[in-house]
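Trainee: quick check, what structure comes out for this input:
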Amino acid sequence: MTPIRLALVGLGKIARDQHLPSIAADPRFELVAVVSRNAELDGVAHFTDLAALLASDVAIDAVSLCTPPQPRHALAHMALAAGKHVMLEKPPGATLSEVEDLRQAAVARGLTLQATWHSRYAVGVEPAREWLAERTVKAVRINWKEDVRVWHPGQDWIWEAGGLGVFDPAINALSIVTRILPLPFFLSRGVLHVPENRQSPIQAELDFRDANGAPIRAELDFLQSGPQSWDIEIDTEDGALKLTNGGAKLWIDGQLMHEGPDREYPGLYDEFARLIADGTSDVDVSPLRHVADAFLLSERVVAPPFIE
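Mentor: This is a model prediction of the structure:
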């Protein structure tokens, strides 16, 4: 088949670490352009803004948006209006309303829109979902703690409105639990710790309950030093399941059942190619909806200033 001619919008850490290798390894895609105000890529057409690319004679079929979430709605709308398929980095937008607007625009134009949740492609996630499908969940504990100074150095957008703060990494945990838990769950209470010099939380504690009343506790921290923690523990009537390393390892009653290499972003591009071929979209906003609920219902407390 003719490769999908792809433009990458945004050339920061996540684009270089994950998107570029995944695109290069998938023969269904050809990277033909990069849009970035600050960086270029050897051998690939470069533009400083998406409008300039779309007005040029460089032919593209799709764009992958790797920008911060705040400008993503306008960029995606521009691409869809120009007849291009769109992949959205997580979170898919700054608000639920923005993503719904993009979904409707994609449907109206018969284009593919993909809201990506890369952690769902971790090795242990699907086996966990299958194991839990026939079991009753008794309790869930989410421990998602990392150091923003390591993973997002100098990225002030993450602290601005729409940047999500600690929910930028923690939405990965929510993307996993919304995939693997057999019943829907709902926020009952939460506490957001917001530095006095920032707009978004740096830590959070959230309490959910599923449709059967099982408690789900999430402890989120963006100031973790030392070892980073990306763990989900689930108690059932038939034993305990644990996902560690962001879903890369699956344990059942302390025994390692699944482990493998990182295939998260290759999985996203495999799905993007399939969606385009099928003429369909995937716009699941359930992880973002839980973040929106947290901002709406949680108590906000003032935390010490964050100074990088």
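Trainee: ok, now which ones touch residue 128?
Mentor: 180, 234, 241, 243, 247, 250 (C-beta atoms under 8 Å, 6 or more residues apart in numbering). Where you see a C-beta, it was placed from the backbone N, CA and C, and this is true even at glycine.
Trainee: residues making contact with the helix or strand of the chain with the lowest mean pLDDT?
Mentor: Ranked by mean pLDDT, DSSP states H and E, the weakest helix or strand in the chain is helix 13-14, scoring a mean of 92. With contact meaning C-beta under 8 Å, 6+ apart, helix 13-14 is reached by 66, 89.
Trainee: buried set for the following helix or strand past it?
Mentor: Next along the chain after helix 13-14, taking DSSP states H and E as the criterion, comes helix 20-25. For helix 20-25, burial by neighbour count (16 or more other C-beta atoms under 10 Å) applies to 20, 22-23.
Trainee: of those, closest to residue 208?
Mentor: residue 22 (32.2 Å; C-beta to C-beta).
Trainee: quick one: the closest one from residue 264, how far?
Mentor: 9 Å (C-beta to C-beta, to the nearest Å).
Trainee: sec struct for residue 200, please.
Mentor: Secondary structure assignment for residue 200 (DSSP: H, G, I helix; E, B strand; the rest coil): coil.
Trainee: show the contacting residues for the nearest residue to it once chain neighbours are set aside.
Mentor: With C-beta to C-beta, 6 or more residues apart in numbering as the criterion, residue 200 has its nearest non-adjacent residue at 2.9 Å, and that residue is residue 165. With contact set as C-beta under 8 Å, 6+ apart, residue 165 has these partners: 158-159, 194, 198-202, 222.
Trainee: which two from the contacts of residue 128 end up farthest apart in space?
Mentor: 234 and 247 (12.4 Å).
Trainee: between those two, which has more neighbouring residues?
Mentor: residue 247 (28 against 24; other C-beta atoms under 10 Å).
Trainee: what about the residue lying closest to the more buried one once chain neighbours are set aside, distance to residue 191?
Mentor: Excluding the flanking residues, the one nearest residue 247 by C-beta to C-beta, 6+ apart is residue 122, at 3.0 Å. From residue 122 over to residue 191 the distance is 28 Å, taken as C-beta to C-beta.
Trainee: over to residue 38?
Mentor: 37 Å.
Trainee: higher neighbour count, these two?
Mentor: Neighbours per residue, other C-beta under 10 Å: of residue 38 and residue 191, the larger number sits with residue 191, 15 against 8.
Trainee: which SSE is that one in?
Mentor: strand 185-195.
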